[in-house]
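Participant: sequence and computational prediction follow.
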Amino acid sequence: MKEARDSRARATGAAAWLPCALGASFFGYAYFLRVAPSAMIEDLMRAFDVSALALGNLGAAYFYVYACLQLPLGLAIDRLDARRILVCGIAVAAGGTLFFALAEGLPAAYASRLLIGAGCATAWIGTLKLAMLYLPVGRYALVAGLTNLVGMAGAMSAQAPLALVVQAIGWRNAMLAAAAMGALLALMLMATRMPTRTGPTPRPFAVSPWRDLLRLLARRQIWLIVLFTVCTASPIISFCVLWAVPYGMAAYGLDRPTAGTLASIGLLGWGIGGPILAPISERLGRRKPILLLGPLGVAASMGLLLWPGLPLAGAYAALLLGGCCTGAVICVFAVAKEVCPPSQGATVTSLLTAGMMVLTAALQVVMGYMLDRFWEGAMANGARLYPAEAYRAGLMLMPCLSVIGLVVLRFVPETYCRQRGE
C-alpha cells in the first residue's frame, strides 16, 4: 500500500511539473520574440526604411500591448482555466509572428508586433498561476526562477544564434520558422493532461474582479513593490533586448553575431541569478537581503558601461554582474504573492509585470530618441550608424533608476518567506 501511494505521489508530481514546464517553454518563446528585433536591426531598417526612433517604437509596440493586457489577463487567469488561456496566448503569438514575417510595410509590422505582445502577455502570469495551483507552496520562488531562466535562454537564442540564422536565410524565413515553433508548442500544451489542484480554487466572476483589483491597488505596499521592481529590472531588460547588439558593434567594432554575445551574457546572468538567489532567500528565511543585490548590481553594471575606456572584457563582466543581480527581482514576485491573498496571485503578478513592461517600453523610446539626437549622419547599406557616445548618452538614465529602487527598498515589507495576505 505504501509503495502504491509513493508511486501515485511521484506520478502526480511529474504530472504537476509538466504543464509548468510547457508554460516556462512558452515564456522562453515569448522572450525569443521580444528580443528577436535586436538581431535584425539593420535588416528591419532597410526593409521598412525607418530610423532608430521608429525602430525603437516598433520594438516598444510589443511592450505597450503586453503591459496593457496584464491586469485584465491577471483577473481572468485568477478565475478561468490558466492552461486554456496559455494555449490561446501561444496561438496568437505564433499568428502575429507569421504576419510579421509577411509584413510589407511599417503599419503591418506594428500590427504584427502588437499581436505578438498580446499573445505573449499570458506567458509569465499563466505559468506562475499553474505553479500556484498544482505545486507545493515552497516551490513557487523556484518555479519563478526556473521560468525566468528558460526565458533568458529564449532571449539568448534570439541574439547570436538568431543573427547567424538571419544571415543564412534572411529575417523573414527566420520568423516563419519561429511561427511554426509556436504552433507546435500550442498543440503540446493543449494535449497535456492536467493533475489535481493543490492551490486555491479560482474565484468566480460573481465575485467582482474590479472590486478585487481596487482592493489590491489600495495597498500602499503593492505600489512600493511595483516601483522597486520596475526601477531594478527595466534597465537590463531594455538594454539587452534591443540595444546591446548595436552598442557592441559601435563601441567595440564587433560583427553582429559577436555583438549578440554581449547581450546574451547579460541575459545569461539574469537567467542563472534567479534560480540561485531564490533558494538562498528561502534558506535565509528573508527576502530583503537578496533584493538589495538588485539595484546595487544594476547601478554598478550600467555605471561601468558609461566609462568610455571600458575594455570589452569589462563590458562582458559588467553585463554578467548586472544580469545576475537583476535575478533578485524573482524574489519580488514571491514578496508580492506573500502580502496578498492567494486567490489574487495572478492579478498581483500581472501588476508587477505591467509596470516593468511600461518602463521598458519607455526606455526603448528614450534610447532611440537619444541615438537620433546624437546621430552624425553616417550611413551603411541604407541604415543609420550611431557613435558609441550616443549609446552612452542614452544609458545615463539607467543608474539613476537603480538608485531610486535602492531608496524604495527601504520601505518594501519583509515577509520572512511566509504567506501574510489572507
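Facilitator: Received the coordinates, thanks.
Participant: Val50: how many residues sit nearby?
Facilitator: Per other C-beta atoms under 10 Å, the neighbour tally for Val50 reads 18. Bear in mind the C-beta positions are built from the backbone N, C-alpha and C, glycine included.
Participant: A strand includes it, no?
Facilitator: No - according to DSSP: H, G, I helix; E, B strand; the rest coil, the state of Val50 is coil, so it is not within a strand.
Participant: relative to Leu321, how far out is it?
Facilitator: 33 Å (C-beta to C-beta, to the nearest Å).
Participant: check Pro107 too.
Facilitator: Pro107 is 40 Å from Leu321, by C-beta to C-beta.
Participant: and those two? Which one has more around it.
Facilitator: Neighbour totals were compared for Pro107 and Leu321, and Leu321 leads with 21 against 10 (other C-beta under 10 Å).
Participant: per-residue confidence at the more buried one?
Facilitator: Leu321 carries a pLDDT score of 94 in this model.
Participant: am I right that it is in contact with Ser301?
Facilitator: Yes - if you go by C-beta atoms under 8 Å, Leu321 and Ser301 touch, sitting 5.1 Å apart.
Participant: gap between the one helix or strand Leu214 maps to and the chain center?
Facilitator: Following DSSP states H and E, one finds Leu214 within helix 209-217. Taking C-alpha atoms, centre = their mean, to the nearest Å, the mean C-alpha location of helix 209-217 is offset from the chain mean by 25 Å.
Participant: same question for stretch 359-377.
Facilitator: 20 Å.
Participant: likewise for stretch 278-290?
Facilitator: For stretch 278-290, the distance to the chain centre is 22 Å (C-alpha atoms, centre = their mean).
Participant: ok, and what's touching that stretch?
Facilitator: For stretch 278-290, contacts defined as C-beta atoms under 8 Å, 6 or more residues apart in numbering pick out 138, 141-142, 144-145, 277, 328, 330-331, 334-335, 409, 412, 414-417.
Participant: which of these are buried?
Facilitator: Neighbour counting by 16 or more other C-beta atoms under 10 Å classes 141-142, 144-145, 277, 328, 330-331, 334-335, 409, 412, 415, 417 among the contacts of stretch 278-290 as buried.
Participant: just to revisit the earlier point, list the contacts of the helix holding Leu214.
Facilitator: For helix 209-217, the surrounding residues in contact (C-beta under 8 Å, 6+ apart) are 71, 75-76, 78-79, 203, 222-223, 340, 344, 347-348, 351.
Participant: quick one: which of the contacts of stretch 278-290 sit in strands?
Facilitator: Among the contacts of stretch 278-290, DSSP state E puts none in strands.
Participant: what's the helix or strand that Gly248 is a member of packed up against?
Facilitator: If you go by DSSP H and E, Gly248 is part of helix 244-252. When contacts are defined as 3 or more C-beta pairs under 8 Å, 6 or more residues apart in numbering; DSSP states H and E, helix 244-252 packs onto helix 256-284, helix 312-326, helix 388-395.
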